[in-house]
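Q: predicted model follows, preceded by the sequence.
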Amino acid sequence: MRRMKQVLAVLAAITMAAAPAVVVPSAAGATSVNAPAGSQWTVKNPFKVGFIYVGAPSDAGWTHAQDVGRLEVQKYFGGRVETFYKEDVPEGPQCAQVITQLVNVGAKLIFATSYGYQPELVAAAAKYPGVLFEQATGTTVTKTLAEYYGAGEDGDYLSGMAAGAAALAGNNKIGFVLPYPIPECLREVDAFTMGAQLMDPKATVQVVWTNTWFAPATERQAAESLVADGVSVLADGQDSPTTGQVAEAHGLKWTGYDSNQESFAPNSWLTATTYNWGPYYVQETQAAMNGTWKSHFWYGSLADRFVIMAPFGKSVAQATRTAVLAKEQRIIKGTFDPFTGPIYAQNGKLVVPKGVTLSVMQKYSITWFVKGVLGNPKG
């Protein structure tokens, strides 16, 4: 769902129509009947793929990881594929101009990496029927528009375990710097909190909202406010490692997000949920080139290594590593899901009955904090 600028009101209305294979028109014209699928795309006539970034590749987080995936596409296909990207594209109407620019340079497949682009992508899919569109974290699926993301909440649960184990004796309060009060972030901190409580049943998680994906100065202020409030561990769901740098300065432990950010705060680092975009981007580019691309809603996982836990920091105890790795294996095998009840909301209300596991779409519509989170889920 990154990046969801508004809480999803009616997820049941997702258009999951069975779409036929979409054949991408070739700029070079029809190929021989006996030619291998996609063989029309050559160094002289490359297949063009556009990427729309909500941040910059230098953010050391979300967009950095996306760009690593883009570069993997270039490496895999060599000169047969040419990629373009537009960075720091605001969510909203301005995205439409960027889509037009990419279409005008010949892009036949466009990946948009933030939920706030969804209205513009829906309109563009109708306007440019010869172009395929995919959006990270969205929910609307049409004939030429697909959606993709992954179970980051599973990794967040594991990060929470590391944070809960690292909490100082006598101080069970963890601080969490979060971007927006949207389902993506709510389920992130909920899973994290439940993981922390597995290791320390008395653990609480104090949330501070920044209302920005990437703004190091704002993130620093939020993290410093949590330190002043007396937390013993810091965590974040932001696109920069700023929270970790604050943790390092104050001698606290920290879990990051999006990418392996250990180098920014090596003494504080515990672990992080990261995303491996490259294989998915290669797969989808190949399908588009071959004319076998089909619209879909795709949700990656720890099992298929779309979600990958970053390496443990040097201070993570062996007992903690063993516990986290054991839980990770249960998630991979499908014998554990963080959102299996009973789960109680912040106000004590039972929100997931015992034995019930939330579906992906139900996770996408979470509007509540679990018991133990301190803060307002509405921002």
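A: On my side now, so go ahead.
Q: in this structure, which spans are helices?
A: Assigned by DSSP state H, the helices in the chain fall at 62-77, 94-104, 118-127, 152-166, 183-199, 216-228, 242-250, 278-290, 318-333, 360-364.
Q: nearest to Val208, out of those helices?
A: helix 216-228 (4.3 Å; CB to CB). In short, each C-beta sits where N, CA and C put it, glycine included.
Q: show me where pLDDT drops low in the protein?
A: Along the chain, segments meeting pLDDT under 70 span 1-36.
Q: quick revisit: deepest in the core, which of the helices of the chain is it.
A: Greatest average neighbour count among those goes to helix 152-166 (a mean of 27), per mean count of other CB atoms under 10 Å.
Q: helices or strands up against that one?
A: helix 183-199, strand 233-236, strand 253-258, strand 269-275, strand 307-309, helix 318-333 (3 or more CB pairs under 8 Å, 6 or more residues apart in numbering; DSSP states H and E).
Q: right, so of these, which gets closest to Gly61?
A: Among these, strand 253-258 comes nearest to Gly61, with 3.9 Å by CB to CB.
Q: tell me what angle that closest one forms with helix 62-77.
A: Using axes from the mean of the first three to the mean of the last three CA atoms, to 10 degrees, the inter-axis angle of strand 253-258 relative to helix 62-77 is 50 degrees.
Q: who's in contact with strand 253-258?
A: 61-62, 64-65, 159-160, 162-163, 166, 192, 232-239, 241, 243-244, 247-248, 262, 265, 268-275, 310, 313, 315 (CB atoms under 8 Å, 6 or more residues apart in numbering).
Q: quick one: the helices and strands packed on helix 152-166 as a markdown table, columns for distance to Tyr128 too.
A: Formatted as a markdown table, the helices and strands packed on helix 152-166 follow (distance: least, CB to CB, whole Å):
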| stretch | distance to Tyr128 |
| --- | --- |
| helix 183-199 | 28 |
| strand 233-236 | 37 |
| strand 253-258 | 30 |
| strand 269-275 | 27 |
| strand 307-309 | 32 |
| helix 318-333 | 39 |
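Q: to Gly79, which of the ones you listed lies closest?
A: Closest among these, once you apply CB to CB, is strand 269-275, at 27.0 Å.
Q: the closest one: which residues count as buried?
A: 269-275 (16 or more other CB atoms under 10 Å).
Q: kindly indicate which of the residues you listed lies nearest Ala126.
A: Distances from Ala126 to those, taken by CB to CB, are shortest for Tyr275, at 28.9 Å.
Q: how far away is that closest one from Gly155?
A: Using CB to CB, to the nearest Å, we find Tyr275 at a distance of 9 Å from Gly155.
Q: hang on, the earlier thing: between the helices of the chain, which one is closest to Ala146.
A: Closest to Ala146 of those, according to CB to CB: helix 278-290, at 7.7 Å.
Q: what angle sits between the closest one and helix 62-77?
A: Relative orientation of helix 278-290 versus helix 62-77 (the same axes, to 10 degrees): 50 degrees.
Q: just the CA atoms of helix 278-290, as CSV, please.
A: C-alpha atoms of helix 278-290 as CSV (Å, rounded to 0.1, in the frame of the first residue of the first chain):
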residue,chain,number,x,y,z
GLY,A,278,14.3,-7.0,-8.2
PRO,A,279,13.0,-10.5,-9.0
TYR,A,280,9.4,-9.2,-9.2
TYR,A,281,10.4,-6.4,-11.6
VAL,A,282,12.3,-8.8,-13.7
GLN,A,283,9.4,-11.2,-13.8
GLU,A,284,6.9,-8.6,-14.8
THR,A,285,9.2,-7.0,-17.4
GLN,A,286,9.7,-10.4,-19.0
ALA,A,287,6.0,-11.1,-19.1
ALA,A,288,5.3,-7.7,-20.7
MET,A,289,8.0,-8.2,-23.3
ASN,A,290,6.7,-11.7,-24.1
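Q: chain center to it, what's the gap?
A: Mean C-alpha position of helix 278-290 versus that of the full chain (CA atoms, centre = their mean, to the nearest Å) differs by 19 Å.
Q: can you name every helix or strand that that helix contacts?
A: strand 47-52, helix 62-77, strand 109-112, strand 145-150.
Q: list the contacts of stretch 214-223.
A: With CB under 8 Å, 6+ apart, stretch 214-223 has contacts from 54-56, 59, 61-63, 175, 177, 208-210, 212, 234, 236, 238-240, 242-243, 245-247.
Q: any shared contact partners between Tyr275 and Gly155?
A: In contact with both Tyr275 and Gly155: 307-308, using CB under 8 Å, 6+ apart.
Q: ends of stretch 287-299, how far apart?
A: With CA to CA, to the nearest Å as the measure, stretch 287-299 spans 17 Å from end to end.
Q: now stretch 101-121
A: Length of stretch 101-121, first residue to last, CA to CA: 13 Å.
Q: could you do stretch 359-376 as well?
A: End-to-end distance for stretch 359-376, by CA to CA: 24 Å.
Q: go on, stretch 208-221?
A: Length of stretch 208-221, first residue to last, CA to CA: 10 Å.
Q: over to stretch 281-298?
A: Across stretch 281-298, first to last residue, CA to CA, it's 12 Å.
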